[in-house]
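> below: sequence and its predicted model.
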Amino acid sequence: MRFELPPYAACSFCQDLEGTRACAFVAENEHAVAEVDERQYERGTTLVIPRRHRESILDIEDVEIQAVYSLARVVGRAAATAFGAVGMNVYQNNGTKAGQHEPHFHVHVVPRYQASDPNRRFLQRDYNVISVDEQRAIAETIRKSL
């Protein structure tokens, strides 16, 4: 079984991992990498992805999902410390109908703040892409709290 995904010729997350697309990595482990989300739903939002291309929850291996969520916890703790978050959303979408926009399994780690709206739904179309320089500055701030 496979979930429907947007058509793609190349995977942007695989390009990040190959170094052919500019991004801002925060942390890594053997099977996963965390990078700053180019769309900052809240300050310090990161994405955690497996190193191997996996489209969804249906084809990721157990060791990879454990590594992804372990890294999400580490990066989430560091982002909360770095930016003073008082809560956090950690979520993952599978398939176009569930809101998955990238064809590579990924977990969103979104720090939440005192002024955050707990009922706000994060929709990609509502947020602009920030510059790579801004992404790198956020990554550096989080790394200082690792």
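Right, received. Where do you want to start? Numbering: from 1, shown residues only.
> residue closest to the middle of this protein?
Of all residues in the chain, the one closest to the mean position by Cα atoms, centre = their mean is Leu47, 0.9 Å from it.
> A helix includes that residue, no?
No: counting by DSSP: H, G, I helix; E, B strand; the rest coil, Leu47 is not found in a helix; it is strand.
> is it true that it touches Val110?
No: between Leu47 and Val110 there is no contact under Cβ atoms under 8 Å: 9.9 Å. (Each C-beta comes from the backbone N, C-alpha and C, glycine too.)
> please save the CA atoms from stretch 73-83 in PDB.
Included here for stretch 73-83 are C-alpha records, laid out as PDB according to Å, rounded to 0.1, in the frame of the first residue of the first chain:
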ATOM      1  CA  ARG A  73      12.900  15.100  21.500                       C
ATOM      2  CA  VAL A  74      16.600  16.400  21.700                       C
ATOM      3  CA  VAL A  75      16.000  19.200  19.300                       C
ATOM      4  CA  GLY A  76      12.600  20.100  20.800                       C
ATOM      5  CA  ARG A  77      14.200  20.400  24.300                       C
ATOM      6  CA  ALA A  78      17.000  22.600  22.900                       C
ATOM      7  CA  ALA A  79      14.600  24.800  20.900                       C
ATOM      8  CA  ALA A  80      12.400  25.200  24.000                       C
ATOM      9  CA  THR A  81      15.400  26.200  26.100                       C
ATOM     10  CA  ALA A  82      16.800  28.500  23.400                       C
ATOM     11  CA  PHE A  83      13.600  30.400  22.700                       C
END
